[in-house]
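Peer 1: Here you go, sequence then predicted model.
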Number of protein chains: 2
Amino acid sequence: MVSHKSKAEVIDLLASHGVNPTTQRIIVMQTILERCAHLSAEELYQIIEQSPGRRGVALATVYNTLSLFAEKGLVREVIADPSRVFYDPNTSPHHHVYNVTTGELIDVDADRIKVSGLPSLPPGTDLEGVDVIVRVRSPS
Amino acid sequence: MVSHKSKAEVIDLLASHGVNPTTQRIIVMQTILERCAHLSAEELYQIIEQSPGRRGVALATVYNTLSLFAEKGLVREVIADPSRVFYDPNTSPHHHVYNVTTGELIDVDADRIKVSGLPSLPPGTDLEGVDVIVRVRSPS
DNA sequence: CTAACTGCAAACGTTTTGCAACTTT
DNA sequence: AAAGTTGCAAAACGTTTGCAGTTAG
C-alpha cells in the first residue's frame, strides 16, 4: 500500500479532511506519503529541505502542519519515545513495535493483536483510542 | 498496597537492586513511594523541595536518580504524553488509562486487559515489554 | 481586499551535561 | 587518597509562539 499519489490526489485528500491545500501542506503530505514511514517533524523537515523543487518549508511550518494533520485525522501521532513524536501516515487502526535501541518503529495490523478486558472509562470521558506498543531491544 | 516503608526498608530495596543508597536516592524513593502516583521528575522535585527535612536534592539529581531507578527496575517510565515522562513506582505488569485533557494517568491491572496475537519479534531483538495506553478525553 | 497562511527568530519547558565540590571507605 | 555521588548553572533538545510579511480566494 505504498501510496504514490499525484499532486491532485493529495489536494483532494487534504480538502476532504477540511484542510486548505496550500503549497507547503501539499509538500508535507506528499513527502510523508512517499516515505510511508514513521518520521519525526525534524526528519521530515530534513527530507523536504533536500528534495529539489520542494525547498521553502520552514521547520515551524512542518511542526504546525503535522499537528494540524493529526488533528484532522490525516496522520497519527505515535508517542513511543519521550524525545520525539513520530507521525504515521497509516491512519487505519494498528499498533506498533518499537525498538528502543535503534529507534525503529514498525506497524502491526490491528486485527493481528487483540485487546480485551478494557476497563470501563472514567465517568465523563470519551474513548480516544487504544495504543499498544511492543517494546523490543537489540542486545549490544 | 500503599507502601509506607521505613527508611531501613527503602535502603534495603535500593541495595537489593544494586543501587547505592545515598541520602538523595533514599529521599527520592521515599517520596515516590509515599505519593504512590504517577509523577514527572519536575513534580517530584517540587514535592521534595516542600517537604520539611528533605530539602537539598537538586533538580538534576532528581532526573538522574529517576533515570537510574528506571534502569535498575525500581520504577517504570510511562511514556503517554510527549511533553513529559511519568515515573510509576508500581513495577508489576499493568497498563494505563491516560486522560489527554487533564493529564491524569490511571493504573489498570495487567490481568484485567488481555493482549493476544502479538507479532513475532524482529530477528535479533528481545522483548522488553508491552505497553497498553487507553487514551480518553474529557469533553469541553 | 481580506482572511488565511507562512517564515523567521525568539521563547519555552523538559531533560542532560560538565565540572568542581563533597562525601564515603 | 580514591571512587562514587552531588549541586549548580549552562547547554541542548524538540517544540511552540508572536508577529510581520506573503499568499490566495
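Peer 2: Structure received.
Peer 1: contacting residues around A:P89?
Peer 2: With contacts defined as C-beta atoms under 8 Å, 6 or more residues apart in numbering or on different chains, A:P89 is in contact with A:S3, A:I32, A:L33, A:C36, A:L74, A:V75. In this view, the C-beta of every residue, glycine as well, is placed from N, C-alpha and C.
Peer 1: Throw these into CSV and include pLDDT, thanks.
Peer 2: Output for these, formatted as CSV (pLDDT from 0 to 100):
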residue, pLDDT
A:S3, 55
A:I32, 95
A:L33, 94
A:C36, 84
A:L74, 96
A:V75, 96
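Peer 1: What is the nearest of those to chain B?
Peer 2: Each of the contacts of A:P89 was checked against chain B using C-beta to the nearest C-beta; the closest is A:V75, at 14.4 Å.
Peer 1: Angles on the backbone of the closest residue to DNA strand D within chain A, please.
Peer 2: The nearest approach of chain A to DNA strand D comes at A:A60, 3.2 Å away (C-beta to the nearest atom of the strand). When read as degrees, to the nearest 10, the backbone of A:A60 gives phi -60, psi -40.
Peer 1: which residue packs closest to A:R55, ignoring adjacent ones?
Peer 2: Spatially, and ignoring its direct neighbours in sequence, A:R55 is nearest to A:E49 (6.3 Å; C-beta to C-beta, 6 or more residues apart in numbering or on different chains).
Peer 1: pLDDT score for the one you found?
Peer 2: In the predicted model, A:E49 carries a pLDDT score of 91.
Peer 1: want to throw the contacts of A:P89 into a markdown table with secondary structure and distance to DNA strand D?
Peer 2: What follows is the contacts of A:P89, written out as a markdown table (DSSP: H, G, I helix; E, B strand; the rest coil; distance: C-beta to the nearest atom of the strand, whole Å):
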| residue | secondary structure | distance to DNA strand D |
| --- | --- | --- |
| A:S3 | coil | 23 |
| A:I32 | helix | 14 |
| A:L33 | helix | 19 |
| A:C36 | coil | 19 |
| A:L74 | coil | 16 |
| A:V75 | coil | 13 |
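Peer 1: Can you give me the buried ones in stretch A:35-43?
Peer 2: Of the residues in stretch A:35-43, A:A37, A:H38, A:L39, A:S40, A:A41, A:E43 count as buried by neighbour count, 16 or more other C-beta atoms under 10 Å in any protein chain shown.
Peer 1: so how far is A:I113 from A:H38?
Peer 2: Computed with C-beta to C-beta, to the nearest Å, the distance linking A:H38 and A:I113 is 17 Å.
Peer 1: for DNA strand C, what are the nearby residues on chain A?
Peer 2: For chain A, the residues in contact with DNA strand C (C-beta under 7 Å from any atom of the strand) are A:20, A:22-25, A:56-61, A:64-65, A:82.
Peer 1: Of these, which belong to strands?
Peer 2: Secondary structure assignment (DSSP state E) places none of the residues of chain A next to DNA strand C within strands.
Peer 1: Next up, the contacts around A:N64.
Peer 2: Residues counted as contacts of A:N64 (C-beta under 8 Å, 6+ apart): none.
Peer 1: wait, A:R35
Peer 2: Taking C-beta under 8 Å, 6+ apart as the test, what A:R35 contacts is A:L44, A:I47.
Peer 1: 10 Å - rerun?
Peer 2: Shown in contact with A:R35 (C-beta atoms under 10 Å, 6 or more residues apart in numbering or on different chains): A:V2, A:E43, A:L44, A:I47, A:P89.
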